[in-house]
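Peer 1: coords below, sequence missing:
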């Protein structure tokens with residue numbers, strides 16, 4: 001396991017972990033399936049922001065299909081799948097559900113490898129286990145954008161701008177880290193990013 005990740009099992013004390021688990025457990029109770037919740041929805045709960053969508057990550061494609069069927073049966077409508085993501089929404093419910101399956105994101109730890117900032121590195125499993133980056137709690141509290149990975153610089157910069165609009169700050173030191181990450185990308189990845 002990465003030394004950047006902390007895992008907490010139940011029961012969760014009042015406070016940040018308790019509020020994250022309360023929000024996650026409502027999702028688990030309302031939506032059946034084999035998945036974990038990760039990313040921005042848990043950050044939003046931790047920071048008191050509005051939750052616009054909830055990303056559900058699956059261990060395999062069949063699990064994703066099972067949950068899609070369950071959502072249709074509950075009156076959700078689906079948009080056309082885009083890449084790895086399939087968005088569902090229900091009239092009168094402002095929060096969308098994104099079903100995500102990627103072979104390299106089937107566990108919280110694997111998903112974290114693709115998440116750019118510490119404030120996005122949070123996951124909850126149906127078992128009650130919560131995974132967070134070791135900097136997650138402090139960076140959410142301070143609204144600091146600390147980069148861990150920049151696998152798709154164009155998308156990551158757009159994500160940084162969205163988080164900045166929510167009040168998160170990228171310090172000069174962190175900007176230097178991002179510039180270094182972009183410089184260290186293989187030439188093929190840099191070309192791919194320019195072409196997309």
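Peer 2: Arrived safely, thanks for sending. Bear in mind that the values here come from a model prediction, so they are computed numbers and not experimental data. Numbering: from 1, shown residues only.

Peer 1: next one: phi and psi at residue 154?
Peer 2: phi -60, psi -50 (degrees, to the nearest 10).

Peer 1: With residue 86 instead?
Peer 2: Torsion angles, degrees, to the nearest 10, at residue 86: phi -130, psi 110.

Peer 1: per-residue confidence at it?
Peer 2: As predicted, residue 86 sits at a pLDDT of 96.

Peer 1: Skipping its backbone neighbours, what lies nearest it in space?
Peer 2: residue 99 (4.5 Å; CB to CB, 6 or more residues apart in numbering). (Glycine included, C-beta is placed from N, CA and C.)

Peer 1: Next: residue 9.
Peer 2: Leaving aside its sequence neighbours, residue 9 sits nearest to residue 129 (CB to CB, 6+ apart; 5.3 Å).

Peer 1: isn't that neighbour right next to residue 6, touching?
Peer 2: No: Residue 129 is beyond contact range of residue 6, at 10.8 Å (criterion: CB atoms under 8 Å).

Peer 1: Assign the residue nearest to residue 86 to helix, strand or coil.
Peer 2: strand (DSSP: H, G, I helix; E, B strand; the rest coil).

Peer 1: Pull the number of nearby residues for the residue nearest to residue 9.
Peer 2: Neighbour count of residue 129, defined by other CB atoms under 10 Å: 16.

Peer 1: With the one 10 residues further on instead?
Peer 2: One way to gauge burial is a neighbour count; for residue 139, by other CB under 10 Å, it gives 22.

Peer 1: Is it in a helix, a strand, or coil?
Peer 2: Of the three states, residue 139 takes helix under three-state DSSP.

Peer 1: ok, then the element right after the lengthiest helix in the chain?
Peer 2: Counting residues, the longest helix in the chain under DSSP state H turns out to be helix 16-30. As assigned by DSSP states H and E, the chain's next helix or strand after helix 16-30 is strand 36-38.

Peer 1: now the angle from whichever helix or strand comes after that next one to helix 16-30?
Peer 2: Toward the C-terminal end, the helix or strand that comes next after strand 36-38 (DSSP H and E) is helix 40-47. Going by axes from the mean of the first three to the mean of the last three CA atoms, to 10 degrees, helix 40-47 is angled at 140 degrees with respect to helix 16-30.

Peer 1: can you map out the helices along this structure?
Peer 2: Read by DSSP H, the chain holds these helices, from start to end of the chain: 16-30, 40-47, 61-73, 108-112, 136-142, 153-165, 172-184, 187-195.

Peer 1: how much space between residue 84 and residue 19?
Peer 2: Shown here: residue 84 relative to residue 19, a distance of 28 Å by CB to CB, to the nearest Å.

Peer 1: and what of residue 58?
Peer 2: 25 Å.

Peer 1: And those two? Which one has more around it.
Peer 2: Each of residue 58 and residue 19 had its neighbours counted (other CB under 10 Å), and the higher figure belongs to residue 58 (22 against 15).

Peer 1: which ones are touching that one?
Peer 2: For residue 58, the contacting residues are 33-35, 64, 67, 99-101, 106, by CB atoms under 8 Å, 6 or more residues apart in numbering.
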